[in-house]
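Visitor: Provide a 3D model corresponding to the input given below.
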Amino acid sequence: MKTRFSKKNLLNSSVLVLNANYSPMTVCTAKRAISLYFLNKIDVLSNYNEKVHSPSTSLNLPSIIKIKTYIKNHSIAVEISRKNILIRDNYTCQYCSLQNKSLTIDHVIPKFRGGQDNWDNLVAACKKCNQKKGEHTPEEAKMPLIKKPKRPNRIHYFQRLVKERQSDWRPYLFMEPLG
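Guide: Numbers count the residues shown, from 1 in each chain. Predicted structure coming up:
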């Protein structure tokens with residue numbers, strides 16, 4: 001079955017960006033990747049099946065790009081944010097397993113007890129569980145966590161973006177051997 005994309009959706013397609021040494025750096029939009037291509041800052045390693053057109057040219061839609069000049073980038077940490085906590089927890093309440101896009105963020109150890117705003121102390125929670133737990137620890141509230149929260153790294157974050165359409169990303173994200 002062939003999927004039909006609008007021009008706007010095509011340009012918002014996810015593109016895996018690799019450093020000059022082929023290590024995963026980030027994910028950008030196809031629009032950004034095409035701009036970098038015309039500025040001669042990247043090599044295109046893989047394309048989607050779709051093409052984008054302008055009045056004067058036609059271009060394969062990039063899926064994986066590699067920057068030409070190595071960028072020193074030691075951190076593989078993911079920035080802590082509400083969105084990234086929800087992504088890490090797969091939009092699932094860590095107390096009752098409810099999957100929902102409108103979850104709250106709960107402090108495992110409440111703030112007034114010294115609980116910090118860090119990856120190991122913040123989890124996604126539905127409003128009902130967050131209110132029920134209140135200012136207690138999960139043990140006190142008899143609400144055990146489904147999984148212990150931990151800091152994700154960028155590789156795990158990128159792996160979650162891989163769908164059937166991005167199967168060519170898999171070897172670069174350590175999900176299968178290079179072919």
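Visitor: any idea which residue sits dead centre in this protein?
Guide: Tyr157 (4.0 Å; C-alpha atoms, centre = their mean).
Visitor: what strand or helix carries that residue?
Guide: Secondary structure assignment for Tyr157, by DSSP states H and E: helix 154-161.
Visitor: report the mean per-residue pLDDT for that helix.
Guide: The pLDDT scores in helix 154-161 average 84.
Visitor: isn't the residue nearest to the centre of the chain up against Ile85?
Guide: No. Using C-beta atoms under 8 Å as the test, Tyr157 is too far from Ile85 to be in contact (11.7 Å). All C-beta atoms are positioned from the backbone trio N, CA, C, and that covers glycine.
Visitor: state the distance from Ser46 to Glu139.
Guide: Distance of Ser46 to Glu139, given as C-beta to C-beta, to the nearest Å: 48 Å.
Visitor: which of the two has more neighbours?
Guide: Set Ser46 next to Glu139 and count neighbours by other C-beta atoms under 10 Å: Ser46 wins out with 17 against 9.
Visitor: what sits closest to Asn90 if chain neighbours are left out?
Guide: Nearest in space to Asn90, with sequence neighbours left out and distances taken as C-beta to C-beta, 6 or more residues apart in numbering, is Gln99 at 7.5 Å.
Visitor: the one you found against Tyr91, yeah?
Guide: Yes. The criterion here is C-beta under 8 Å, and Gln99 meets it with Tyr91 at 5.7 Å.
Visitor: after the strand or helix carrying Ala33 comes which helix or strand?
Guide: For Ala33, the host element (DSSP H and E) is helix 30-38. Next helix or strand after helix 30-38 toward the C-terminus (DSSP H and E): strand 42-53.
Visitor: elements contacting that next one?
Guide: Judged by 3 or more C-beta pairs under 8 Å, 6 or more residues apart in numbering; DSSP states H and E, the packing partners of strand 42-53 are helix 7-11, helix 30-38, strand 58-67.
Visitor: any chance of the ones you listed in JSON lines with mean neighbour count as columns?
Guide: Shown next, in JSON lines, are the helices and strands packed on strand 42-53 (neighbours: other C-beta atoms under 10 Å):
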{"stretch": "helix 7-11", "mean neighbour count": "12"}
{"stretch": "helix 30-38", "mean neighbour count": "18"}
{"stretch": "strand 58-67", "mean neighbour count": "19"}
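Visitor: contacts for stretch 105-125?
Guide: 80, 82, 85-86, 88-89, 91-95, 103-104, 129-130, 133, 135-138, 145, 149-152 (C-beta atoms under 8 Å, 6 or more residues apart in numbering).
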